[in-house]
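Need coordinates for the following:
(chains A, B, C and D)
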There are 4 protein chains.
Amino acid sequence: MSANSFGKLFCVTSFGESHGPFIGGVIDGCPPNFLLDLDQIQKELQRRKPGQSEITTQRKEEDKVEFISGIFEGRSTGMPIAFLIKNADHRSEDYSHLKDQFRPSHADFTWQSKYGIRDYRGGGRSSARETAIRVVGGAIAKQILTKWNVSIQAYTYSIGDLKLENKEITIDANDIESNLVRCPDKELSKKMISLINEVQAKGDTIGGVVGCKIINTPIGLGDPVYERLEANLAKAMLSINASKGFEIGSGFEGSKMLGSEHNDHFDLQDKKIIMKSNFSGGVQGGISNGMPIEFKVAFKPVATIMKDQKSIDKEGKETVIKGKGRHDPCVVPRAVPIVEAMAAMVILDHLMINNSLNLKSE
Amino acid sequence: MSANSFGKLFCVTSFGESHGPFIGGVIDGCPPNFLLDLDQIQKELQRRKPGQSEITTQRKEEDKVEFISGIFEGRSTGMPIAFLIKNADHRSEDYSHLKDQFRPSHADFTWQSKYGIRDYRGGGRSSARETAIRVVGGAIAKQILTKWNVSIQAYTYSIGDLKLENKEITIDANDIESNLVRCPDKELSKKMISLINEVQAKGDTIGGVVGCKIINTPIGLGDPVYERLEANLAKAMLSINASKGFEIGSGFEGSKMLGSEHNDHFDLQDKKIIMKSNFSGGVQGGISNGMPIEFKVAFKPVATIMKDQKSIDKEGKETVIKGKGRHDPCVVPRAVPIVEAMAAMVILDHLMINNSLNLKSE
Amino acid sequence: MSANSFGKLFCVTSFGESHGPFIGGVIDGCPPNFLLDLDQIQKELQRRKPGQSEITTQRKEEDKVEFISGIFEGRSTGMPIAFLIKNADHRSEDYSHLKDQFRPSHADFTWQSKYGIRDYRGGGRSSARETAIRVVGGAIAKQILTKWNVSIQAYTYSIGDLKLENKEITIDANDIESNLVRCPDKELSKKMISLINEVQAKGDTIGGVVGCKIINTPIGLGDPVYERLEANLAKAMLSINASKGFEIGSGFEGSKMLGSEHNDHFDLQDKKIIMKSNFSGGVQGGISNGMPIEFKVAFKPVATIMKDQKSIDKEGKETVIKGKGRHDPCVVPRAVPIVEAMAAMVILDHLMINNSLNLKSE
Amino acid sequence: MSANSFGKLFCVTSFGESHGPFIGGVIDGCPPNFLLDLDQIQKELQRRKPGQSEITTQRKEEDKVEFISGIFEGRSTGMPIAFLIKNADHRSEDYSHLKDQFRPSHADFTWQSKYGIRDYRGGGRSSARETAIRVVGGAIAKQILTKWNVSIQAYTYSIGDLKLENKEITIDANDIESNLVRCPDKELSKKMISLINEVQAKGDTIGGVVGCKIINTPIGLGDPVYERLEANLAKAMLSINASKGFEIGSGFEGSKMLGSEHNDHFDLQDKKIIMKSNFSGGVQGGISNGMPIEFKVAFKPVATIMKDQKSIDKEGKETVIKGKGRHDPCVVPRAVPIVEAMAAMVILDHLMINNSLNLKSE
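Model (predicted):
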C-alpha cells in the first residue's frame, strides 16, 4: 500500500528530499546469494546524474551510492538492501523565495493543498532527484534479469518535432550512449542537441519522447485482467516525473488501423513460434509473447524556465516567479536510464510472480 | 497481490469465463450504510452490453446483475458486495475449432504458453465479457462519488482517422448517449457510424480513441512518486482489453511544446485558485489540482475478423482460422462506459486513501 | 488490503451472509493445470458442516459447493476459482427479535457501532457459516501441498478442563475422525463428548483448544522479521471466529523454562539434520526448520446460550435476550477442519513466495 | 508484500544488520503536518536499548536515532520518514567462530538453508537489534494516537514461574518504569530481578510473559473476517523475536469456561455502553468494543547461553558452540516497549483504515 514503494515481490521503497542530507532506498525481495556488480550500479547512476553534459542541469552531484545493508561479501543476502546517496550541491537559498509561492505546473500548489505543509527547498521530494533511487533499483533488477538474457534498452525517440523516422536505425546501446541526447541516429542526435541548445539559450525548455525495447523476455509474463504486463509498464512510466503518456506496440497510431492490417501473424523461426509483425508490442492478452516489448513514453517540457512568470502565493495573491535555479532544458536524455530502470523492475517482478506458480517440488 | 482484483481500499475482485455459467465480482471496502441505486447500476450495464445496436456484436445477453451479499434493505453493509451475471447466449460450438489453434493477436498463444491450459470457449476469461464486472464496480463507485459531486464522462474521441476536432463541442452526457457511437459531435458521429458499417461490411474491424473528462475532483487526490493519480489511471486504462495507449493533459502532443507554452498559469475565480489552461490535465506532481482531469485511451482494432487468416496450431503447424463468431467491428462505443468505470474506481480509491490521513478525531 | 481476502499469492476472497441466498468465495493465484479432486473438497466441507452429529448445531445444510469458474476439464486454469454454497435451512424469523438488540459477547454491538447498519439475520456475516469458505480454500491448498508431501492434521486437544495428556497418543487422522469430538485419544474423547452433552443439557456452552501438527514442511518457509511463519499462522488462527489464543512449540509453558532446557539440539538422521527436541515448534528465526510445525489455538465458549440473558438494545435500554436458535454447544470439533484449512493456506502461500525467489532460468 | 514492512496504511519498512554500519527504517503513510516530539521518540528507544541495566545485555549502544527525511520544521510532511541508528559497539570477532556453525534454537540453520548465505556477525538481521526500528515506528504511532487519547501500556506479567497474581495492582506507567524488570508489582519485581540474577549467574537464561493494556481505543477498530483486530495484534506480537504465544482477553484460560460465565454483559456508565466484565479483551466479532484491549505475549528463554553446547557445522559435523558474547539473560524487560510499539502501529493502522470509510465530504 505504501505510496513510496514500487513492486510486489521485488519491492523498492524510496525516501529523501532534494535538499535533505541524503536520498535513499530499500530494496526488499531481492533474490538471495546473487553476486552483485556494484560498479555497474554506479555506472547506471552516472547516466542519470545531473551535470553530466552541457544539455543537463548544472547541479553537481557525485551521486555516489553507498550500500548499508543486505549485501555480504558482495552477494545479496535476501535481506533488505538499503542504500544512501548524499545530497552535496544543494543551494537551498535559491529556493527561499518559493516558500510562499506556487510555481506554475509544479507540485507546489497541489502538495501544499494536500499536506498543508511542504519542504519547498529544491522541490523537496517532488524533485526529479528521487529518480536516482529508481535507477539503483533498476540496475539491480537488470543484473538479475541477465540470468534470463533479458536486455532492456531505452533511447531518445523525439525532441520537440524532431523524431526518429529512419526505419533502418537499430536500437544499439553503443550508438545511444555515444551522444549527449541518447538518440541512436547519429545525424538526428546532432539536430536534437542543437534544438535543445537553442531552446536553452532562450531560457526555455522542451519536451520529447523516450522509446524502449526489451528483448528476450520469456513468454508468459503478465497476469490477466488487472495485472497485465502493459498495465504495469504504463503505471511505472506514468509514475516518472514529467511523463504525460504511454503507448505500447502500435499505440495511438494503431487506433487508426484495420484489424486485417493490425493482426500479427504467426511464423516459425528455428522451430520457435514468432510473429511476422509486432503491432502488439510484445504483449497479447496482457501476457508477453516472446517478441520484443516496445513502448514509448511522452515527457512534457520542464516547468522551470529561466523567464519570469506570473503566479500566485499561498494567500492567493498575484506574484512573479523569478526564473532562477539550475534545471534541465529537456529531461529526455536523463529520462532514458530511468525508463529502463522502471521497466527492469516491472519485468523482474512479473518473472518472480511467474516463478511462484511453479508446481515442481524440486 | 491478486491479479484479478483492482483497487486498494475500494477493491473489486472479478471472476468467470465467457462461456461458464456466470461471470461475477466481489466489491470489498465499499463504505457502509450507503443507499445504492440498483437500477442505475443496471443502466450502466446496458451501456456496455452486447447486442445494443447494429454496430456492436450480436451476441444477446440480458446482462442482468444479481446481488447476493453485502446489501441489506438497499444499503451497503460494509461487507463484501458479491454479484453474478448469467451467461445466456454462448455458442461454445462456434469455438470448438479453436481448441488447438491460436488466433493471431489474441490471447490464445500467450495463455496456452503461460498456463499450459486454457478454456478456449469464447476466449474464456480473456473475453471482453469480463469488463461487465468493472462496469458494476464503477457504477457503485460513481454513486459514492456523487457525495463529492465528482462526475465522470467518457466519449468517443476518434474512430480510425475521424477525430473530434471541433473545439466548441462540449462533453455532454445527453449528446454522447444520443448516438450509437457515443461521440458528442452529432455530425461526426454519423460519419463514424458510416465508417464502422463500411468496415464491418468488409468483414474487418477498426480502432479508435476514447476521451474522458472528470470534473469536481477534490484537490489533493493522488500520492507522490509511485502512486501518482495519472499512474493509477494509466494502469487502469491499459488493463482494459484492446487498449494500447494512455495520455493525460497535453499527452504526446505536449512533448513537442516549449515550457513557456505548456505551463498552466494560475488564476483566481470566485476566490478559488484555478488554472488558465489545462495542459497538465488536472494533475500536477502526481496530485489532482481541482481542474478537470482529462485523458485519452487508444484502442486497437478487434483481432477477430470475418476473413480467413493463416495461423498455427498447438503443434506449431500452419492452419487457417475461419472468420466466424459474433464480434464487435469496433470496441470503442462499448469501451466508453468501461473507461468511466475504471476511472471512477481509481478516483474513489484515492479519495478513500486521502480520508485515511485525516487526523481529526471526530 | 481487502479485509475479506486471505493470502498474498494464493488468495481467497470470501463473501456472503448466513441468511443470504449464498455464501461463496474466489480463489486467485491457484497454480494452473493442477488436477483437482472435487470430491475431496466436498469431503472436507462435510467435516465442518452443521448438523453432522448430536454435539453440533442442528441447522441442516447440505453445504454442497458449486464451482462456477477457473476449472476446465477438471483442472485449474490459473484463472480465479469462484464457488457458491447455498444457504438452505435459514430461519430468519428466529432472529427478528435481535433487530434492535445486542447479544452479549456477540458482534452485534461492535458491528452496529462501526457500520451503522447490520444484517442481523443469523448473525449476517459474523456467523461462523463464513468459515465454510475457508475450508474450500484450504482443501485446494492441501491438495497442492501434496506435491511436497506436506500433511496437516488438527485435532481436539482439550474441552474445558479435559486435555490430552497421554504422551503416547499419536496424531492419527483415522483416530481423530473416528469420534464425534475429533480427539485422537479414544478414552478421552468419550469423556469430552459426555462433558459437551452435559453442558448442552443445561443450555450452556464450553470452550476448548485445537492442536495442529504439520509434517514434511520444506525447510525455509517463512520470511524474516514481519512475515515470520509463526506470525502468519497466528494471524490466520486469530481470524477464526471465537479463537482467543495461539501458541507455537513450547508456547506459554516455554516462558517458564531455562534456555539450557529449551534449546533444541541438532542431530543427524539418515544424513539429514534434525533436532532432538521440538520446543521451537518447527520454526526458528521465523523460518521452518523441517521439524513438525506444532501449534495450538484456544477457543472460547460459544456466546449463544439457551438461557435468557440481560442485555441492551440499540437505544441503550435494558432488555432480555431469549435463549433460542440452533447453535453449537462447543465449536471445537468443527473448528478442527477450519484450523487445518487456514494452516494449509499459510503454508502454501509461503511456499509460493519461496518459489518466486528461485533464480534458475529453467 | 514486502517481508520487511509492517502495516497497511501506516507502514514501517525496516533494514540493517546487527554489525553493519547502521540499522534503520522508513515510515510511509504518516499523517502530514503533525508536530513530532523527537525527544519522546528517543526516550522510547532508551527503554529498549541494550546496556540499560544489570539484567540486560552489556552491549553498549547509544541508539541515537537520526531522522533524514520526511520531517520539516519539526512536522511530518506526508513524505517517507527515514531514520538511521548507528551500530557502535559491535565486536564482530566474537562471532567469527560461528561462520560455519549453527547455534541451537537460533536462526543460523534455517537462514543458511533458505538463503544459501548469511551475515553471521552478531546474528546479522535475525538479531533482536532490529526491534529498535519497531520502537521508532511505534513511538510515532503513539504520538499520533494521543489525538484520540489512546494510551498503550505493556508490563512484565511473569518471569519463569513468578507471575502477577495480585488483582489489586493497577497497570501504572510510573510503577512499571520504576524497576528494572518493568513489573507493576513492586514486591514481585524484586523477586523477578533476583531470579534473573540467579539464572544469569549460572550462565543460563529464562523466559516470561509480557502483558499489554490499551485504553480509550475507539469503538469500531478491526475489520471482519480476516483482518480482525486480534488477528493483526497476534501477527504483530508473533513477529517479535523469541515470542511463542499470544492470547487476548480470557485467552487459553477462557477455553475452560462456560458460555454463561464468559459472556460480557452490557452496562451503562454515564450514558455510554460498557461491559461489566472483559473476558472478550476489548474485541468482539473482530472489532474493538471500547473496553480496554488486554492481551499477553509469551517469550521463550534466550537461546544464547554462557555454557558450551554441542551442535553441528555447515557440513553436518558435530561441533561445540562456545558460550561467549554479550546477551540478555531474559528478554522480557526490554520486550515491554517493543510490544507497545507493535500494538501502537496496529491500532493506528486500523484507525486510518476506519477513517478511509468516512463518507462525509468535509
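
Just the strands from the stretch 201-350 of chain A, written as ranges.
A:208-215, A:243-248, A:266-269, A:272-275, A:283-284, A:287-288, A:293-299, A:309-313, A:318-321 (DSSP state E, counting those that start in this stretch).

which other helices and strands contact the second one?
If I follow you right, that is strand A:243-248. With contacts taken as 3 or more CB pairs under 8 Å, 6 or more residues apart in numbering or on different chains; DSSP states H and E, strand A:243-248 sits against helix A:229-238, strand A:293-299, helix B:229-238, strand B:243-248, helix B:251-254. For glycine as for every other residue, the C-beta is placed from the backbone atoms N, C-alpha and C.

The fourth one too?
Helices and strands touching strand A:272-275, by 3+ CB pairs under 8 Å, 6+ apart, are strand A:266-269.

Give the pairing partners of the strand it packs on; include direction for each.
Strand A:266-269 pairs in its sheet with strand A:272-275 (antiparallel), by DSSP bridges.

Quick check, pLDDT for the residue in the stretch 201-350 of chain A that chain B sits nearest to.
Distances between the stretch 201-350 of chain A and chain B by CB to the nearest CB are smallest at residue A:285, namely 2.3 Å. Confidence at residue A:285, expressed as pLDDT, is 96.

isn't it right next to residue B:114, touching?
No: using CB atoms under 8 Å, residue A:285 is not in contact with residue B:114; the gap is 9.2 Å.

what about the residue nearest to residue A:218 when sequence neighbours are not counted, distance to residue A:221?
The shortest distance from residue A:218 to any non-neighbouring residue, by CB to CB, 6 or more residues apart in numbering or on different chains, is to residue A:148 (5.9 Å). Distance, residue A:148 to residue A:221, using CB to CB, to the nearest Å: 10 Å.

Redo the helices and strands packed on strand A:243-248 as JSON lines? Include distance to residue B:130, mean neighbour count and mean pLDDT.
Listed next are the helices and strands packed on strand A:243-248 as JSON lines, based on distance: least, CB to CB, whole Å; neighbours: other CB atoms under 10 Å in any protein chain shown; pLDDT from 0 to 100:
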{"stretch": "helix A:229-238", "distance to residue B:130": "14", "mean neighbour count": "29", "mean pLDDT": "98"}
{"stretch": "strand A:293-299", "distance to residue B:130": "23", "mean neighbour count": "27", "mean pLDDT": "98"}
{"stretch": "helix B:229-238", "distance to residue B:130": "14", "mean neighbour count": "29", "mean pLDDT": "98"}
{"stretch": "strand B:243-248", "distance to residue B:130": "14", "mean neighbour count": "30", "mean pLDDT": "98"}
{"stretch": "helix B:251-254", "distance to residue B:130": "27", "mean neighbour count": "20", "mean pLDDT": "98"}
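
Ok, which of those comes nearest residue A:339?
Proximity to residue A:339, assessed across the helices and strands packed on strand A:243-248 by CB to CB, is greatest for strand A:293-299 (5.8 Å).

What is that closest one packed up against?
Using 3+ CB pairs under 8 Å, 6+ apart: strand A:293-299 touches strand A:208-215, helix A:229-238, strand A:243-248, helix A:332-356, helix B:251-254.

Now do the last one: everything it contacts.
The list of residues contacting helix B:251-254 from outside it, by CB atoms under 8 Å, 6 or more residues apart in numbering or on different chains, reads A:207, A:209, A:244-245, A:247, A:252, A:296, A:298, A:300-301, B:262, B:279, B:281, B:295-296.

residue ranges with poor pLDDT in the stretch 1-150 of chain A?
Along the stretch 1-150 of chain A, the parts satisfying pLDDT under 70 run over A:1, A:92-93.

in it, which spans are helices?
Secondary structure of the stretch 1-150 of chain A (DSSP state H, counting those that start in this stretch): helices located at A:38-48, A:108-115, A:131-145.

Go through the ones you listed and pick out the most buried.
Mean neighbour count (mean count of other CB atoms under 10 Å in any protein chain shown) peaks for helix A:131-145 among the helices of the stretch 1-150 of chain A, with a mean of 26.

The helix or strand just after it vs chain B: in contact?
Downstream of helix A:131-145, the next assigned helix or strand under DSSP states H and E is strand A:151-159. Yes: counting by CB under 8 Å from any CB of the partner chain, chain B is contacted by strand A:151-159 at residue A:158.

Could you do stretch A:190-205 as well?
Yes: for stretch A:190-205, a contact with chain B is found by CB under 8 Å from any CB, at A:199, A:204, A:205.

between the residues you listed, which is nearest chain D?
Closest to chain D, out of all of these and judged by CB to the nearest CB, is residue A:205, at 25.6 Å.

Check what pLDDT the residue nearest to the closest one when sequence neighbours are not counted gets.
Leaving aside its chain neighbours, residue A:205 sits nearest to residue B:259 (3.5 Å; criterion: CB to CB, 6+ apart). pLDDT recorded at residue B:259 is 97.

didn't residue B:259 look like it was pressed against residue A:301?
Yes: shown here, residue B:259 and residue A:301 form a contact pair, counting by CB under 8 Å, at 3.9 Å.

Quick check: neighbours shared by these two?
A:204, A:205, A:206.

who wins for most neighbours among the residues you listed?
Ranked by neighbour count (other CB atoms under 10 Å in any protein chain shown), the shared contacts of residue B:259 and residue A:301 have residue A:206 at the top, with 30 neighbours.

does that residue have beta-bridge partners, and which?
Counting by DSSP bridges, residue A:206 is bridged to residue B:258.

Ignoring the adjacent residues along the chain, who's closest to residue A:95?
Residue A:95's closest residue in space is residue A:121 (CB to CB, 6+ apart), at 4.9 Å.

before we move on, what about residue A:327?
For residue A:327, ignoring the flanking residues on the chain, the nearest one in space by CB to CB, 6+ apart is residue A:304 at 4.3 Å.

quick one on the thing from earlier: the residue nearest to residue A:95 and residue A:91 touch, don't they?
No: when contacts are counted by CB under 8 Å, residue A:121 is not listed as touching residue A:91 (9.1 Å).

The two - which one has more neighbours?
Just comparing residue A:121 and residue A:91: by other CB under 10 Å the higher neighbour count belongs to residue A:121, 21 against 12.

so how far is residue C:292 from that one?
To residue C:292, residue A:121 is 57 Å away according to CB to CB.

Residue A:25: what's it in contact with?
Contact analysis of residue A:25 by CB under 8 Å, 6+ apart lists A:12, A:13, A:14, A:15, A:82, A:83, A:133, A:136, A:137.

Bridging across strands, which residues link to it?
Beta-bridge pairing for residue A:25 (DSSP bridges): residue A:14, residue A:83.

Pull up the gap between the residue nearest to residue A:218 and residue A:282, please.
Applying CB to CB to residue A:148 and residue A:282 gives a distance of 15 Å.

More neighbours: which of these two?
Applying other CB under 10 Å to residue A:148 and residue A:282 shows that residue A:282 carries more neighbours, namely 27 against 18.

Can you list phi and psi of the more buried one for me?
As for residue A:282, its main-chain torsions (degrees, to the nearest 10) stand at phi 90, psi 10.

so it touches residue A:275, yeah?
No: the criterion here is CB under 8 Å, and residue A:282 misses it with residue A:275 at 9.0 Å.

what do the two both touch?
Common contact partners of residue A:282 and residue A:275 (CB under 8 Å, 6+ apart): A:289, A:291.

Just list the residues touching the residue nearest to residue A:205, thanks.
Neighbour list for residue B:259: A:204, A:205, A:206, A:301, A:302, A:303, A:304, A:305 [criterion: CB under 8 Å, 6+ apart].

Thanks again, I'm all set now.
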